[in-house]
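Participant: fold the stuff below for me.
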Amino acid sequence: SGAKMAAAPTQAAQAVSQGARYVTILLGANDLCTSSPSTMTSTDSFRASFSQAMTTLMAQDRDPYVFVSSIPNLYQLWQVLHTNSLARWAWANFHICQSMLGATRTETDRQLVVSREQAFNQILADVCAQYPRCRWDDKAVYNYQFSSSQVSALDFFHPSLSGQAALARVTWAASWWPGT
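Facilitator: Sure, this is the predicted structure:
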């Protein structure tokens, strides 16, 4: 909860110590969701942390299978819910993803987040492509067009139960064994 890509190397080492044979990686939203666009994680730091995590995972005697999910589309979240007064209240009062969802953000600010998210997703794709046993979702999660009902009415950020089910279907279809 609340992990940034900087936590990935430690999490990868823990997975290795536990002998994980299949690892799913979904990190990056918290690197984007900061107090403002200026405080987002840099692309260099993001790449370094993810590369280190993958090196750690793949340094085992038997490489695990790794599935890397794209980061969900934060701009789409704003587009779907920005006219909902309860969502705006929750975002402001719970300080949720202020870089994108903050009430004072301009379209220029939001596009900075979009640009960084696209860069992060490209980094995930590029680093994953270096390993034969790493599968990238090819932006399946990023491209998924969710509805407002698929977002939690508690924080208006995380997926609701139906949203979680939809994301499970999307990621499973892009995973190693979607036909089983």
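Participant: what segments of this protein are helices?
Facilitator: 8-17, 29-32, 43-58, 74-81, 85-93, 98-101, 107-128, 140-143, 161-174 (DSSP state H).
Participant: wait, doesn't Gln98 sit right on Pro37?
Facilitator: No: counting by Cβ atoms under 8 Å, Gln98 stays clear of Pro37, with 9.4 Å between them. (Each C-beta comes from the backbone N, C-alpha and C, glycine too.)
Participant: pull up the overlap in contacts between those two.
Facilitator: Common neighbours of Gln98 and Pro37, counting by Cβ atoms under 8 Å, 6 or more residues apart in numbering, are Arg105.
Participant: can you tell which of the helices of the chain is closest to Gln150?
Facilitator: Gln150 lies closest to helix 161-174 among the helices of the chain, at 3.3 Å (Cβ to Cβ).
Participant: report the buried residues of the closest one.
Facilitator: For helix 161-174, burial by neighbour count (16 or more other Cβ atoms under 10 Å) applies to Gly163, Ala166, Leu167, Val170, Thr171, Ala174.
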